[in-house]
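Asker: heads up, no residue letters with this:
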């Protein structure tokens, strides 16, 4: 069963920022990166529990790596799947990024 997928404003801003950053150098690579991230999010919609549980960052938070340098952070709730952030793996990520 496919979960309903929603995005926080922060996740939408993350996606725009990553596209703009990559597009400065290469428009095709920026589009391909977003496509790969969207494919990973679609896979989560089909198997939402396949990500790693991240209680050190926030209650109920999960994450999954993509075929890009970005990590998708999300939560599962009664409404489906909520993408909370999409952050570069090299960032020093702590609980301040979430909720």
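Answerer: Arrived safely. No experiment lies behind these values; they were computed from the predicted model shown.
Asker: So the residue most central in space within the chain: helix, strand or coil?
Answerer: The centroid of the chain falls nearest to residue 72 when counting by CA atoms, centre = their mean (2.4 Å). Classification of residue 72 by DSSP: H, G, I helix; E, B strand; the rest coil places it in strand.
Asker: Just list the residues touching it, thanks.
Answerer: Counting by CB atoms under 8 Å, 6 or more residues apart in numbering, residue 72 makes contact with 37, 40, 41, 44, 51, 63, 64, 66, 83, 85, 86. Glycine gets a C-beta too; all of them are placed from N, C-alpha and C.
Asker: the helices in the protein, which residues?
Answerer: For the chain, helices defined by DSSP state H occupy the ranges 9-23, 27-46.
Asker: how about those in a markdown table, adding mean pLDDT, distance to residue 56 and mean neighbour count?
Answerer: Listed next are the helices of the chain as a markdown table, based on pLDDT from 0 to 100; distance: least, CB to CB, whole Å; neighbours: other CB atoms under 10 Å:
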| stretch | mean pLDDT | distance to residue 56 | mean neighbour count |
| --- | --- | --- | --- |
| helix 9-23 | 98 | 19 | 15 |
| helix 27-46 | 96 | 20 | 15 |
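Asker: out of those, nearest to residue 57?
Answerer: Among the helices of the chain, helix 9-23 comes nearest to residue 57, with 13.5 Å by CB to CB.
Asker: Touching that closest one from outside, list them.
Answerer: Contacts of helix 9-23 (CB under 8 Å, 6+ apart): 7, 29-31, 33-34, 37, 70, 83-88.
Asker: Next: stretch 78-88.
Answerer: 3-8, 10-11, 14-15, 18, 37, 41, 44-45, 48, 58, 61, 69-76, 93, 97-99.
Asker: Show the contacting residues for the residue lying farthest from the centre of the chain.
Answerer: Most distant residue from the mean C-alpha position of the chain: residue 25, 22.1 Å away (CA atoms, centre = their mean). By CB under 8 Å, 6+ apart, residue 25 lies in contact with nothing.
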